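Peer 1: Pasting the sequence and the predicted coordinates here, then a few questions.
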Amino acid sequence: MSEILLETQDLALAYGGFRAVDGVNLSVKAGTIHSVIGPNGAGKTSLFHCLTGGRKPSEGSIFFNGADITHRPAHARVGIGMARSFQVTSLFQNLSVRENLRLAAQGCDGDKALAFWRPVGAGKAHIATAERVMERLGLAAKANTAAGDLSHGQQRVLEVGMALCGEPKLLLLDEPTSGMGIDDIPIMTHLIAELGKDHTVMLIEHNMGIVMTISDTITVMSRGQILVEGKPDAVRADERVRAAYLGEAAV
């Protein structure tokens, strides 16, 4: 694996005359936690959509592990080691924690996941993956609990777990603490920091306490472009960032 796991070159996404992403050149190093921040409308989620195949870029290129993936569909990107969570929690609410994770693991089989006729033992690997992820997330005690009965914080953790079931090289998290109560945020912060030991993590996050604590690199976006990029201390000290995004509370 090269040092740079994910790279974009002059990436753009236009809707008519509006450029949601405007000439972004981004490099995400393998084995790091890379955060993307900026106000609403800065282009963060549009950038994520391009990276994960949800939107087709208008211009530019995307490279993952050295391969050009600009025109690969979303499911093909999952197959090469990219996984994402969404800002709005997306779970099978009536299924148990174990079943949500098992289905996520099964979904990584591609077309084979929908095969009717399979050996009796074919699902053992998926169940083993679900059990392993539950233990890592601290959800083993909730294995048989319906996802809809979990607290919001636990649902967010479970969604991250579903992304982990594919054993991704790159984990993209869109607002992982969105809607969380104050007691749940430290749990998610610790989880992301731990995941960063085994995975490359890229996240969009508004909570500056989390971003400044766990990030190796921070990219600040404004109007579809990169305004500032660097280590947390450098970003914190940048006057443009302090004025536009962090405010005096970050001093």
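Peer 2: Right, received. Where do you want to start? Note that the coordinates shown come from a computational prediction; the quantities given were computed from them, not determined experimentally.

Peer 1: so what's residue 69 up against?
Peer 2: Neighbouring residues of residue 69 by C-beta atoms under 8 Å, 6 or more residues apart in numbering: 53, 62-63, 76-77, 80. Where you see a C-beta, it was placed from the backbone N, CA and C, and this is true even at glycine.

Peer 1: Which parts of the stretch 1-150 of the chain are helices?
Peer 2: Counting by DSSP state H, counting those that start in this stretch, the stretch 1-150 of the chain has helices at residues 44-52, 74-79, 97-107, 124-137.

Peer 1: Give the buried residues for the helix or strand containing residue 235.
Peer 2: Using DSSP states H and E, residue 235 falls within helix 232-237. Within helix 232-237, the residues that count as buried by 16 or more other C-beta atoms under 10 Å are 232, 235-236.

Peer 1: Could you export these to a markdown table, including columns for distance to residue 133?
Peer 2: Formatted as a markdown table, the entries for the buried residues of helix 232-237 read as follows, by distance: C-beta to C-beta, whole Å:
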| residue | distance to residue 133 |
| --- | --- |
| 232 | 29 |
| 235 | 32 |
| 236 | 34 |
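
Peer 1: Sort those by pLDDT and name the bottom one.
Peer 2: On pLDDT alone, residue 236 ranks lowest of the buried residues of helix 232-237, at 88.

Peer 1: gap between stretch 44-54 and the chain center?
Peer 2: 10 Å (C-alpha atoms, centre = their mean, to the nearest Å).

Peer 1: So what touches it?
Peer 2: 6, 8, 11, 13, 20-21, 24, 26, 36-38, 55-57, 62, 69, 72-77, 82, 84, 87, 172, 174, 202, 204, 221, 224.

Peer 1: Just the buried ones among the residues you listed, please.
Peer 2: 6, 8, 11, 13, 20-21, 24, 26, 36-38, 55, 57, 62, 69, 72, 77, 82, 84, 172, 174, 202, 204, 221, 224.

Peer 1: From those residues, which land in strands?
Peer 2: 6, 8, 11, 13, 20-21, 24, 36-37, 62, 82, 84, 172, 174, 202, 204, 221 (DSSP state E).
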